[in-house]
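Visitor: Give me coordinates for this.
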Amino acid sequence: VSYVDAGRRYRFCNKLYEEWFGLSADDIQGRPVRDVLGDEAYSRSQPYMDRCLGGERLAFATEIVHRTTGKRRLSVDYVPHVSEGEVVGLFVLGADITERAAAEAAVRESEARLRSLMDAAVDGILTIDERGVISSVNPAAGAMFGYDREELIGSNVTMLMPEPYRGEHHQYLSNYLETGESKIIGVGREVEGRRKDGSTFPLDLTVGEVDLTERTMFTGVLRDVTERRALQDSLASLNAELEQRVPDRTAALEREVEKHRATAELVGQQANELDQIVRGARCVLWRAHVVEADGSYEWTPTPRHLPVYEEFLPLEIADGDDYHDAWRRSIPAEDRERMDDVGHAALRDGDAAYAVEYRCVDALGATRWLHDDVSITSAGDGEWQCVGVLTDVTERKRAEQLQSALHEVLEAAHTPCSLADMY
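Guide: Next comes the predicted model:
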């Protein structure tokens, strides 16, 4: 705190003001402001001082050179001192905001990086508050629903939902905030979305919660799974057709080897048809014959190597190996053990299908995430025919990591700053 008269000379300053400039009160009081601040700092403050001595109260930010800590950022208030209708001086109120300004700059930088990541993401990402009002949305989400960003910001997220979800959403949010009981937060699931033109489509939704100082925000990562749903429906239809045919052919298979071969050929033809269905999708079809002997399972891919496998997932194939050998070797040991356990358990339990996700390392050394949907058909005692659809879900995994980063930045941006941090 200091006081400057109309002639722009110091008449008073407190102890902290003395420390800022490394001068005593006797060295400051009576001296012109320019002499104490220096030409550079005074030139920045002079326009505000002129206006204050004209009767205007002002607040601004500036920089000074502290005698021990170097350049510091200050928040300054100029308050005119009026006596008998005339401005006779001004009060200077200063606060050191160096740390706060640095923290705010760091938050702005983090937010800019996050916006860049969100804008580049192939999955839709949006945030809403406790009332369901959309506060941010990336371009992918707008394109997914057919809206411009400006149409979504400030609107309720229920505009993106068909009935009955639209009418139930507000009550669901209220119940969650009161009881903490959630049906979807922290767990990904498939839901229905509603486009601007009124059409609906299936999408994968992962919702996360961020607890801020005085409110709660929710983030959602969205992926249009229309193609995957169509592929799954086709696979289910083909599998149902196969299951209907198996009982009719079981007796014949036991009597005639030739009919067994005919059935195997038919299954191969149907699998080739399914190959055509999935060829244009981001996935690949595989088949295998499995035999159980003494508690162990022998998987024989049919065939072991196809060009479409290498187009889907390029691998480094050692001399003497085929694609199947390279694929097994590219999977980390813990993932390979888990994948085998899930498949063998499904065979033992008589399941009709199973699904598993695991990592592998491609020919360039990059880690890829794969999702495997497998249908099982019994081919006799201790034998099975398996047909699987292998899907690359690496981008989905990256979106989940992006969501985690979003939580961290939102929490950092709303961390309260104490008054003590300002000095």
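Visitor: which residues of the stretch 51-200 of the chain score low on pLDDT?
Guide: Counting by pLDDT under 70, the stretch 51-200 of the chain contains low-confidence ranges at 66-69, 110-112, 114, 116-117, 120, 180, 182-187.
Visitor: run the last query once more with 90
Guide: Scanning the stretch 51-200 of the chain for pLDDT under 90 picks out the ranges 60-75, 84-85, 94-132, 135-141, 149, 161-191.
Visitor: Kindly report the same for the stretch 301-423 of the chain.
Guide: The stretch 301-423 of the chain contains residues with pLDDT under 90 at 302-313, 316-324, 379-382, 390-423.
Visitor: Please enumerate residues in contact with the longest strand seen in the chain?
Guide: If you go by DSSP state E, the chain has its longest strand at strand 70-83. Contact with strand 70-83 is made by 3, 20, 45, 48-49, 51-53, 55-66, 87-98, 101, as judged by CB atoms under 8 Å, 6 or more residues apart in numbering. (Each C-beta comes from the backbone N, C-alpha and C, glycine too.)
Visitor: what number of residues lie near the closest residue to V342 other than its chain neighbours?
Guide: Distances taken as CB to CB, 6 or more residues apart in numbering put V356 closest to V342, at 4.5 Å, once the chain neighbours are dropped. Neighbour count for V356, taken as other CB atoms under 10 Å: 18.
Visitor: which residues are contacting the helix or strand containing V356?
Guide: In this structure, V356 sits in strand 353-361 according to DSSP states H and E. Applying CB under 8 Å, 6+ apart, the contact partners of strand 353-361 are 239, 313, 315, 327, 330-332, 335-336, 338-339, 342-343, 345-346, 367-376, 393.
Visitor: Point out the ones among these that are inside strands.
Guide: Secondary structure defined by DSSP E assigns 367-376 of the contacts of strand 353-361 to strands.
Visitor: if we can go back for a sec, what is the residue nearest to V342 paired to in the beta sheet?
Guide: Beta bridges link V356 to D372, judged by DSSP bridges.
Visitor: out of everything not next to it in sequence, what's closest to A41?
Guide: A41 sits nearest to I64 (CB to CB, 6+ apart), 5.7 Å away.
Visitor: surely that neighbour meets V36?
Guide: No: at 10.0 Å, I64 does not count as touching V36 under the criterion of CB atoms under 8 Å.
Visitor: Mark which of the contacts of strand 70-83 are buried, thanks.
Guide: Buried members of the contacts of strand 70-83, counted by 16 or more other CB atoms under 10 Å: 3, 20, 45, 48-49, 52-53, 64, 66, 89-92, 94, 96-98, 101.
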